[in-house]
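Chemist: Quick one, what's the 3D model for this:
(one chain, ligands or ions: 1)
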Amino acid sequence: MTHIAGVTATTGARLADLTTLRIGGRPRALLECATAEAVVAAVRALDAAEIPVLVLGGGSNLVVAGGDLDLVVVAVRNREVEYLTGADDDRLVVRSGAGLAWDDLVADTVGRGCGGLECLSGIPGSVGATPVQNVGAYGVEVAQILHRVRWYDRATGVDEWVTPEALGLAYRTSVLKNTDRAVVLEVEFRLDPAGRSEPIRYAELAGRLGVAPGERTDPSVVRRTVLELRCGKGMVLDDDDEDTWSAGSFFTNPVIREDELPTVRSRVAARLGSAPAEQMPAFSTPGGIKLSAGWLIERAGFGKGHPSSSSPARLSTKHTLALTNRGAATSDDIIALAREVRDGVREAFGVELHPEPVWVGCHI
Ligand SMILES: Cc1cc2nc3c(=O)[nH]c(=O)nc-3n(C[C@H](O)[C@H](O)[C@H](O)COP(=O)(O)OP(=O)(O)OC[C@H]3O[C@@H](n4cnc5c(N)ncnc54)[C@H](O)[C@@H]3O)c2cc1C
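Modeler: The predicted structure is shown next:
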């Protein structure tokens, strides 16, 4: 693989050094790909040789097993950014290499006075991974701002631009999540060059900004406020803060059928009383009723920092939804804690939690 232009191959790398959870063993090799063409050539060659591939961005949504891993890591590192005017009605389009750090792109667009990406400030990882799980935060999802994706389709061998419809984007998922379908090479997002943010839909953010829900405002103020809110929850990476040594929110918010809601409320009432049952967050979405995983975890008895200050794996002390590695945790420690929380919520309220990260060589 070293003979492919733009590919730097090494052996002896550890996924623990390449993931935000800081856990994971040694792949057969690590291929750092500086261009989209290098990514395509590397993945094409590995697929032809039937060698298992892990496509890696920032490693911020992965739980990886320890030990020797029978796979080759293809790290996507192409980082060019281009602004395309007149590409789509009155909007501006930004095109970014998949390997750029997502927050660098957000900062660049906001710094130029463009609106669109500001609510997604501070999310770790790469641009190329954002369509994979339809990244979202503070009332905005990538699906709302995505223009096109250039991908390498691993089944057909074609390198092509596709529209968002091809991606099957839904709540924290797409046709790319947990599949080997395609590698994202470049992504285009629609921006508002007039400097208006996306409508502020998230109540906590609207309150902090002092705007009415649905109003647009200055993207740089939104970015600053989102970063403050995220820092308070340990959701911005910080080498000095073990609460951020995580894979982000470990469970997605569970979506239940509307007719299941009364049963869940009555289980909450039986355990905690009628007031919490009435106050339990429940939002109507096209897919059903979305509950708050964090609320359920906490009310099932798993407080911040669970199980104890000496445990190698524990819930963040700032946010019950994040499972953290305090430095010495293994994937088995994370799995044991994840099972305890998932099973505890099921037992308490009859609600099934589903993990958000991608599992490599291990599973819950
Ligand atoms: C502190 C913290 C906060 C977070 N907050 C949020 C949040 O608010 N909202 C949210 O949605 N997520 C959040 N996350 C999760 C994570 O940051 C996102 O899912 C992010 O998009 C993952 O990007 P990555 O480059 O690190 O992907 P990786 O972890 O490297 O990979 C994740 C998956 O995507 C695949 N992948 C990566 N790059 C590509 C590519 N170019 N083409 C095809 N597949 C690819 C990988 O193979 C893997 O299956 C958070 C994580 C952390 C640690």
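Chemist: ok so Ala336 is a helix residue?
Modeler: Yes: when the secondary structure is assigned by DSSP: H, G, I helix; E, B strand; the rest coil, Ala336 falls within a helix.
Chemist: Excluding residues flanking it in the chain, which one is nearest it?
Modeler: Setting aside the residues directly before and after it, Ala336 is nearest to Ala313 in space (C-beta to C-beta, 6 or more residues apart in numbering), at 7.4 Å. Bear in mind the C-beta positions are built from the backbone N, C-alpha and C, glycine included.
Chemist: any idea how far the one you found is from Ala247?
Modeler: Separation of Ala313 from Ala247 (C-beta to C-beta, to the nearest Å): 12 Å.
Chemist: Could you tell me which residues touch both of the two?
Modeler: Leu323 (C-beta atoms under 8 Å, 6 or more residues apart in numbering).
Chemist: which parts of the stretch 151-300 of the chain sit against the ligand?
Modeler: Residues of the stretch 151-300 of the chain lying near the ligand by C-beta under 6 Å from any ligand atom: Leu176, Val183, Val184, Met235, Leu237, Thr244, Ser246, Ala247, Gly248.
Chemist: what about the third one, which SS state?
Modeler: In this case it means Val184. Here Val184 takes the strand state, with states given by three-state DSSP.
Chemist: Likewise for the fourth one?
Modeler: Remark: Met235 carries the secondary structure label coil [criterion: three-state DSSP].
Chemist: is it true that it touches Asp241?
Modeler: No: here Met235 lies out of contact with Asp241, judged by C-beta atoms under 8 Å, at a distance of 10.5 Å.
Chemist: Could you list which residues are in contact with the closest residue to Glu141 other than its chain neighbours?
Modeler: Spatial nearest neighbour of Glu141, excluding adjacent residues (C-beta to C-beta, 6+ apart): Asn134 at 5.4 Å. The neighbours of Asn134, taking C-beta under 8 Å, 6+ apart as the test, are Glu141, Val142, Ala143, Leu167, Leu169, Ala170, Tyr171, Arg172, Thr173, Ser174.
Chemist: what's the answer for Ala101, then?
Modeler: By C-beta under 8 Å, 6+ apart, the contact set of Ala101 is Gly58, Pro124, Gly125, Ser126, Val127.
Chemist: now it: how far from the ligand?
Modeler: Distance, Ala101 to the ligand, by C-beta to the nearest ligand atom, to the nearest Å: 8 Å.
Chemist: could you dump the contacts of Asn134 to CSV with pLDDT and secondary structure?
Modeler: Output for the contacts of Asn134, formatted as CSV (pLDDT from 0 to 100; DSSP: H, G, I helix; E, B strand; the rest coil):
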residue, pLDDT, secondary structure
Glu141, 97, strand
Val142, 98, helix
Ala143, 98, helix
Leu167, 98, helix
Leu169, 98, coil
Ala170, 96, strand
Tyr171, 95, coil
Arg172, 96, coil
Thr173, 97, strand
Ser174, 98, coil
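Chemist: who's in contact with Asn325?
Modeler: Asn325 touches Leu21, Arg22, Ile23, Glu242, Trp245, Ser246, Pro312, Ala313, Asp333, Ile334, counting by C-beta under 8 Å, 6+ apart.
Chemist: any idea where the helices of the stretch 201-350 of the chain begin and end?
Modeler: Counting by DSSP state H, counting those that start in this stretch, one finds helices in the stretch 201-350 of the chain at the ranges 203-209, 219-232, 261-272, 274-279, 293-299, 331-349.
Chemist: For Leu337, which non-adjacent residue is closest in space?
Modeler: The nearest residue in space to Leu337 (C-beta to C-beta, 6+ apart) is Ala313, at 4.8 Å.
Chemist: in the sheet, who's paired with the one you found?
Modeler: With DSSP bridges applied, Ala313 shows beta-bridge pairing to Asn325.
Chemist: and stretch 60-71, anywhere near the ligand?
Modeler: Yes: in this structure, stretch 60-71 sits against the ligand according to C-beta under 6 Å from any ligand atom; the contacting residues are Ser60, Asn61, Leu62.
Chemist: Return the closest of those residues with respect to Cys114.
Modeler: When the residues of stretch 60-71 next to the ligand are compared for distance to Cys114 (C-beta to C-beta), Ser60 wins out at 24.3 Å.
Chemist: what's the distance between the closest one and Ala275?
Modeler: In this structure, Ser60 and Ala275 are 37 Å apart, going by C-beta to C-beta.
Chemist: mind giving me the domain split of the chain?
Modeler: Each structural domain of the chain that the record assigns through automatic domain parsing is listed here as a residue range: 7-76, 81-232, 242-360.
Chemist: so after the least confident helix or strand in the chain by mean pLDDT, what's the next helix or strand?
Modeler: Ranked by mean pLDDT, DSSP states H and E, the helix or strand of the chain with the weakest confidence is strand 81-88, at a mean of 81. Following the chain from strand 81-88 toward its C-terminal end, the next helix or strand by DSSP states H and E is strand 91-97.
Chemist: quick one: that next one to chain centroid distance?
Modeler: Computed by C-alpha atoms, centre = their mean, to the nearest Å, the separation of strand 91-97 from the middle of its chain amounts to 20 Å.
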